[in-house]
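1. what follows is a predicted structure for the sequence shown.
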Amino acid sequence: MTLFKQIAILTSLFLSIILITVLFLNFKSANAQMQEQLYNDAKNTATSLSLTLGTAMGDATVMDTMINANFDSGHYMQITLLDIEDNILYDRIAEEKNPDVPEWFVNAVPINIPIASAQVSSGWSPIGILHVQSDNTHAYVQLYDTLINLLIWFSIIASISLGSLSMILHLFLRPLTKVRQQAEAISNNKFIIQKELPYTLEFRDVVNAMNIMVKKVQDIFDKGNEALQRNQELLYNDPLTKLYNRRYLMLKLPNILNIDNANNGGSTLFIALNDAQLINQQIGHQKADKFFCSLSSKLLQMSEPFEDAIVTRMNGTEFAIVLPDCERDSALHIATEFRVVIDILKKEYLLKSEIDIISIGIYRYSNNQKIPEILTKSDYALTQAKAREGDHLYAYEQIDDTGAMGKEQWRHILEEAMTFNHFKTIFWPVVNTKTHQEVQRVLTFAISDNNAKNYSYGSFIAPAISLGLIQKIYMYILEKLFKSPPQKRNSTLYSIRLSSEFLKAPHSYDDLQKLFKLYSTEFSSMIAFEISDTIVLKNLEVVKSFDTLFDRFGYKIGINEFTGESKDYAYLRDIRPQFIKADASFFLDQSSESMSALQVLTDSLGIELIATGVKEEEVLKELKVLKITTIQGPLAEQLLS
């Protein structure tokens, strides 16, 4: 219960007790006054009537007439005349009638009717005693009207008082509401500094303390961010050209070749500078460095059209470009254009035109190849290019037509899979190696049709994208999952990976919103949506909008395929992921300074680090030294078996 409710209930109760007490006392006083008034009326009537009866000189008929006249003109229950021996000379009693008030009121409010008496004398001779008793019917009506008026005023005063109390409490406790919002934000890893300080001294002290705490956490994050940026530059950037180095390429290639990636292979361009020493001799060392920087800038520009492209400087004289989803002909076109750019640079830097500066080897790879094989064949293509006379350009392609199908065949397979429910969901476990418990299940899906043909995600996702079916397939899988959610297993989180094509599809946001509204939010706490680090960096605003949607419905967000390639890690503070997944080789490749900076940064935001692709116990031991105990991969499945 909130402090506002507690104070409101306490003060309302106190106020109600006061008002009810006042109401009760007022009504009790009115009742006493009414009884006193009845007695006074009866007494006055008895006195005046006794004097009048004395003038009748004992004539019974005259006295009866006088008593009837008084009885009929007033509100009396009974008037009785007794002689000196207490014998009844005349007795007039009113007809019994119920007062025009609720019966409960009559039962709850007793009115004692006093009897007034007076002696009747004729001269000095006593005639008898006169008894007069007032009627209480009229008294009940007056008391009931008094009660109704008191209740009306009580309601008006109570409403005004409670309304004023609520306004005053809201005014006084408004700073506390902001304190609560700030505390909730901190618990959700959102750091808000409250600039408007409350007037109440105690609240002001609390706000100042929380602001100091938030500032310290922000400082920790900023320092971790700066340290991580510096260390990442030292580890993965060439100091001269600022391109990525060979170390980064080896780190990034496993993510590019991931079977779950949408692209179906790509092309590598290995570029070697011929006669680099001669370039230095002709234009000088400093100008040669500027030439290398200009060359690097051109390489970056030419690779921009390809998403997830990697441009690296392998060593002093060799560069490598990896272009996912780039066909051999497109790579040849880029290489040809680059040779034209080189000729322009030669003129700009006054290099002799007869010097053939570069050799370019092109290799078309597929996703099912291993990294050493791709690098070996790319080196082979470059060697052939160097040996080639004329343009020093050589293109080599891995021939692999296994399972090749046309677009219409894939369209038939995919649409039939959705129509006849041939899609099957597959879950990969994520395990906490301390407890050996499954803490997460990562959803992927495949096709298994009636003809016993199986298609993995990696085999059909590229055709699905080219056919424009990716958004439809994802919504089909998500609706299938939401309609029949898995049973909740302790604190197990079900993680769903979203591709960039789905996130950028025109209706994905609206369709997800409708899906979330349609199905129970009870399932939302079990679901997290994974988005790759590259997608986040290149489509940050899109990801932010989805993050807001997930947060509104109680879903979590996570980052996978993290390679730390960002120049600024403030985006982590913007989207506040539940976890970050990176290949085990990424964590093990970090320097101690980089790893410490990364952990400081993630700890300040409450982000869990998860190592993927863990296959061997030795790798797990090295990860534990880095305090990473949650893993995904073949070893995680072994630990559960």
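-> Looks like it came in fine. Remember, it's a predicted structure, so these values are computed and weren't measured experimentally.
2. residue nearest the centroid of the protein?
-> residue 551 (2.9 Å; Cα atoms, centre = their mean).
3. any idea which element the closest residue to residue 600 other than its chain neighbours lies in?
-> Excluding the flanking residues, the one nearest residue 600 by Cβ to Cβ, 6 or more residues apart in numbering is residue 224, at 3.8 Å. (C-beta placed from N, C-alpha, C; glycine too.) Using DSSP states H and E, residue 224 maps to helix 201-236.
4. pull out the buried residues from that helix.
-> Buried residues in helix 201-236, counted by 16 or more other Cβ atoms under 10 Å: 203, 206-207, 210-211, 214, 217, 221, 224-225, 227-229, 231-232, 235-236.
5. do stretch 285-294 as well
-> Using 16+ other Cβ under 10 Å as the burial criterion, the residues of stretch 285-294 that qualify are 288, 291-292, 294.
6. quick one: that stretch to chain centroid distance?
-> Counting by Cα atoms, centre = their mean, to the nearest Å, stretch 285-294 is centred 50 Å from the centre of its parent chain.
7. which other residues reach that stretch?
-> For stretch 285-294, the external contacting residues (Cβ atoms under 8 Å, 6 or more residues apart in numbering) are 240-241, 276, 279-280, 283, 345, 348-349, 351.
8. can you give me phi and psi for residue 141?
-> phi -60, psi -40 (degrees, to the nearest 10).
9. ok, it - how many residues close by?
-> Residue 141: 13 surrounding residues under other Cβ atoms under 10 Å.
10. and residue 353, what's its pLDDT?
-> pLDDT recorded at residue 353 is 61.
11. and for residue 75?
-> Turning to residue 75, the model gives it a pLDDT of 68.
12. equivalent analysis for residue 458, please.
-> 73.
13. go on, the one 10 residues further on?
-> If you check residue 468, the pLDDT there is 84.
14. quick one: secondary structure of it?
-> With DSSP: H, G, I helix; E, B strand; the rest coil as the basis, residue 468 sits in coil.
15. what does it show for phi and psi?
-> The phi/psi pair for residue 468 (degrees, to the nearest 10) is phi 70, psi 30.
16. what's the local residue count around it?
-> 11.
17. any chance of the contacts of stretch 285-294 in CSV, plus neighbour count?
-> Listed next are these as CSV, based on neighbours: other Cβ atoms under 10 Å:
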residue, neighbour count
240, 13
241, 21
276, 16
279, 23
280, 15
283, 16
345, 15
348, 11
349, 16
351, 21
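18. which one of these is nearest residue 501?
-> Closest approach to residue 501 among the contacts of stretch 285-294 (Cβ to Cβ): residue 241, at 31.6 Å.
19. number of nearby residues for residue 8?
-> The number of residues near residue 8, taken as other Cβ under 10 Å, comes to 17.
20. show me what the helix or strand harbouring it is packed up against.
-> Using DSSP H and E, residue 8 sits within helix 3-54. Packing partners of helix 3-54 (3 or more Cβ pairs under 8 Å, 6 or more residues apart in numbering; DSSP states H and E): helix 60-73, strand 76-83, strand 115-122, strand 125-134, helix 137-187.
21. 6 Å instead?
-> Packing partners of helix 3-54 (3 or more Cβ pairs under 6 Å, 6 or more residues apart in numbering; DSSP states H and E): helix 60-73, strand 115-122, strand 125-134, helix 137-187.
22. mind checking how far residue 576 is from residue 195?
-> Note on residue 576: its distance to residue 195, by Cβ to Cβ, to the nearest Å, is 22 Å.
23. settle it for me: which of those two has more neighbours?
-> Taking other Cβ under 10 Å, residue 576 and residue 195 do not tie; residue 576 has more neighbours (16 against 7).
24. please report phi then psi for that one.
-> Per-residue torsions, residue 576: phi 50, psi 60 (degrees, to the nearest 10).
25. sorry, back to before: quick check, pLDDT for the closest residue in space to the residue nearest to the centre of the chain that isn't next to it in sequence.
-> Distance criterion Cβ to Cβ, 6+ apart; nearest residue to residue 551, sequence neighbours excluded, is residue 557 at 7.9 Å. pLDDT for residue 557: 93.
26. also residue 620?
-> Per the predicted model, pLDDT is 92 at residue 620.
27. check which helix or strand it maps to.
-> Assigned by DSSP H and E, residue 620 falls in helix 617-625.
28. what residues of that helix count as buried?
-> 619-620, 623.
29. stretch 442-454 too?
-> 442-447.
30. do stretch 133-152 as well
-> Neighbour counts over stretch 133-152 (16+ other Cβ under 10 Å) mark 133-137, 139-140, 143-144, 146-147, 150 as buried.
31. got those as CSV, with pLDDT and distance to residue 569 columns?
-> Shown next, in CSV, are these (pLDDT from 0 to 100; distance: Cβ to Cβ, whole Å):
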residue, pLDDT, distance to residue 569
133, 73, 96
134, 73, 92
135, 69, 92
136, 69, 87
137, 72, 87
139, 73, 85
140, 72, 82
143, 76, 78
144, 78, 77
146, 78, 75
147, 78, 72
150, 77, 69
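32. relative to helix 137-187, how tilted is the helix holding residue 8?
-> Between helix 3-54 and helix 137-187, the angle comes out at 170 degrees (axes from the mean of the first three to the mean of the last three Cα atoms, to 10 degrees).
33. hmm, the residue nearest to residue 600 is touching residue 601, no?
-> Yes. Counting by Cβ atoms under 6 Å, residue 601 is a contact partner of residue 224 at 3.6 Å.
34. ok, the contacts of stretch 285-294 vs residue 569, which is closest?
-> Among these, and counting by Cβ to Cβ, the member closest to residue 569 is residue 241, at 22.8 Å.
35. which residue, other than its chain neighbours, is closest to the closest one?
-> Nearest non-adjacent residue to residue 241, counting by Cβ to Cβ, 6+ apart: residue 296, 3.8 Å away.
36. again, but for residue 439
-> Among residues not flanking residue 439 along the chain, residue 432 sits closest, at 4.9 Å (Cβ to Cβ, 6+ apart).
37. what's next to the helix or strand harbouring residue 580, contact-wise?
-> Here residue 580, judged by DSSP H and E, is contained in strand 579-583. Here strand 579-583 makes contact (Cβ atoms under 6 Å, 6 or more residues apart in numbering) with 254, 558-560, 562, 607-610, 612-613.
38. quick one: those residues as a markdown table, columns for distance to residue 592, neighbour count and secondary structure too.
-> Below are these laid out as a markdown table (distance: Cβ to Cβ, whole Å; neighbours: other Cβ atoms under 10 Å; DSSP: H, G, I helix; E, B strand; the rest coil):
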| residue | distance to residue 592 | neighbour count | secondary structure |
| --- | --- | --- | --- |
| 254 | 23 | 17 | helix |
| 558 | 26 | 24 | strand |
| 559 | 23 | 25 | strand |
| 560 | 24 | 27 | strand |
| 562 | 18 | 26 | coil |
| 607 | 20 | 20 | coil |
| 608 | 20 | 18 | strand |
| 609 | 15 | 21 | strand |
| 610 | 20 | 29 | strand |
| 612 | 22 | 24 | strand |
| 613 | 22 | 19 | coil |
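39. circling back: which of the helices and strands packed on helix 3-54 sits most buried?
-> Ranked by mean neighbour count, the helices and strands packed on helix 3-54 are led by strand 125-134 with a mean of 20 (mean count of other Cβ atoms under 10 Å).
40. quick one: it to helix 60-73, angle?
-> 20 degrees.
41. now strand 125-134: how far from the chain's centre is it?
-> Counting by Cα atoms, centre = their mean, strand 125-134 comes out at 88 Å from the chain centroid.
42. give me the contact list for that strand.
-> By Cβ under 6 Å, 6+ apart, the list of residues contacting strand 125-134 reads 38, 41-42, 45-46, 50, 58, 76-84, 89, 113, 115-118, 120.
43. that one pairs with which strands, parallel or anti?
-> strand 76-83 (antiparallel), strand 115-122 (antiparallel) (DSSP bridges).
44. give me the next element, helix or strand, following the first one.
-> Sequence-wise, the next helix or strand downstream of strand 76-83 (DSSP H and E) is strand 88-93.
45. got the buried residues for that following strand?
-> Counting neighbours by 16+ other Cβ under 10 Å, strand 88-93 gives 89-90, 92 as buried.
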